[in-house]
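> Here's a sequence, model it:
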Amino acid sequence: MSSIEPEARTYFGDSLEELLPKIRAELGPDALIVRQREGVVGGIGGFFGRKCVEVEARGALVRNSLPPRAVIDAYDTGEPWEGLPDDLDDFEPEPEAAAAEERAARNTLLETLLAQTSPFAEELSTKLQAEPAVVEPEPVFEPEPAPAAEPPVPARPRRRETSSARSAPAPVSLDELAGIRSELLAAAVPVRMAGDIVAEVERSLRPFEPGVPARELARRALARRIPTSAGWRTKRRTVALVGLPGSGRTLAAAGLCAAYVRDGRSVTAISLEPARTAMRLAELTGDDVGFQIADAPDLAARVRDVVRDAQVVVADTPPLVDPVDGNRLAATLELLGALDPDETHLVLPATTPLDDARTLVESLVPHRLPSRLIVSHADAARASGVPVGLALAHRIPISFIGAGASLGSLRPAESDQLSRMVLQ
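Take a look at the predicted model:
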């Protein structure tokens, strides 16, 4: 099957009805309209224009062997496609009466608008003809002058290294940190706490104070962990001191009595030792301090009722180890039970070997003793931080530090001084 498609022609006019006679005359009665467009010609700024129609048409297709079929207009007005009818032989295009009536109505509306606006159009046309057109001169473009050559930039002098940069300390060495950790462990500081202190120096303190020695930073980190407590909150206070022979218990007891008397408090000293040994405490305290002796549990309970009016009561106990009797811990615990003190302070010299100090503290801990710890002999040449490490290990607050053999040598504990005893 073959067909011959005639060449399409384009027609312009005011309406489709005006162009149809001409199209049929030139292309025949079976001419087909391929495309139709409407527009406006003339006018000013899109107003007052004249409506026109552009129509593209061609003659009917000539088929050699097939009957005439329906021709679909691909440039239709946008109606939805509903498919081809089943019987193509009986298909005929719908009449264009409705479309023609719509176009006629639009032409009538346009003519009405043109009639209403024609006076304004004539006035605007007359005004435009009277005023001369202003023609702006075309801008004259001149070539830009070539940029002047920039002077060469002198080479920046090499910055001299400042003294602070030259003197910046090298990062702390692993050997130095290992040495600090070894000193902490030698003073009975718990292993985990020693590791935390070294890590704090390396990661937290050193980056912000690179000029400070690592040992000083470690002292600060250690000082923040040392518990200290030397005061009390009640109206009355009964303090008992325990310790080994030669620890300085009696001197520490006399020092507490002298300090509180100077402060204007009523103070009583009690010795729980036999009379011959107890007189040492009486000689050190003087006449301003009341004095009692109670070397047996029943006497200690009776003395406790006698000294109720004193604001501060300081009791000196027998040594925990005696060369003749051996272990005196049981007897001392019985005396303390009868006296019932508010606080029991262990006087532990800074010169005590680690094994002996640990054995002593661990023998008292099961009895919930001591409540606080006094570090004595802090000024000795062989002084160490063992008492501080044991206080950290067992969470015992340190109350006082004794340095020297005089009554005024006892001072409230300070964490900075204690940390320097560990890291000298």
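> Just after the helix or strand of the chain with the lowest mean pLDDT, pick out the following helix or strand.
Ranking every helix and strand in the chain by mean pLDDT, DSSP states H and E puts helix 163-166 at the bottom, with a mean of 48. Sequence order places helix 174-186 as the next helix or strand after helix 163-166, per DSSP states H and E.
> and that next one, what does it pack onto?
Applying 3 or more C-beta pairs under 8 Å, 6 or more residues apart in numbering; DSSP states H and E, one finds that helix 174-186 contacts helix 191-200, helix 214-223. Heads up, the C-betas are built off the backbone N, CA and C, glycines and all.
> Mind doing that once more with 6 Å?
helix 191-200 (3 or more C-beta pairs under 6 Å, 6 or more residues apart in numbering; DSSP states H and E).
> Now the helix it packs on - C-alpha only, CSV.
Extracted C-alpha coordinates of helix 191-200, given in CSV (Å, rounded to 0.1, in the frame of the first residue of the first chain):
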residue,chain,number,x,y,z
VAL,A,191,48.9,1.1,92.1
ARG,A,192,45.8,2.5,90.4
MET,A,193,46.1,5.9,91.9
ALA,A,194,49.8,6.1,90.9
GLY,A,195,48.9,5.3,87.3
ASP,A,196,46.1,8.0,87.4
ILE,A,197,48.5,10.6,88.7
VAL,A,198,51.1,9.9,85.9
ALA,A,199,48.4,9.9,83.3
GLU,A,200,47.1,13.2,84.5
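> Contacts for that helix next, please.
Applying C-beta atoms under 6 Å, 6 or more residues apart in numbering, the set of residues contacting helix 191-200 from outside is 177, 181, 184-185, 218, 221-222.
> Which residues in that helix does the neighbour count mark as buried?
Going by neighbour count (16 or more other C-beta atoms under 10 Å), the buried part of helix 191-200 is 193-194, 197-198, 200.
> just stretch 312-331 next, same as before
Neighbour counts over stretch 312-331 (16+ other C-beta under 10 Å) mark 312-320, 328-329, 331 as buried.
> which other residues reach it?
In this structure, residues lying in contact with stretch 312-331 by C-beta under 6 Å, 6+ apart are 237-242, 244-245, 249-250, 253, 256-257, 260, 265, 267-273, 281, 307, 332, 339.
> Can you flag the buried ones in those residues?
237-242, 244, 249-250, 253, 256-257, 260, 267-273, 281, 307, 332, 339.
> Sort out for me which of the buried residues of stretch 312-331 are in helices.
The members of the buried residues of stretch 312-331 that map onto helices under DSSP state H are 329, 331.
> Mind picking the one among the buried residues of stretch 312-331 that's closest to residue 362?
Proximity to residue 362 was ranked across the buried residues of stretch 312-331 by C-beta to C-beta; first place goes to residue 329, at 11.9 Å.
> Tell me how far the closest one lies from residue 336.
As judged by C-beta to C-beta, to the nearest Å, residue 329 and residue 336 stand 10 Å apart.
> Return the entry from the contacts of helix 191-200 with the maximum number of neighbours.
residue 222 (29 neighbours; other C-beta atoms under 10 Å).
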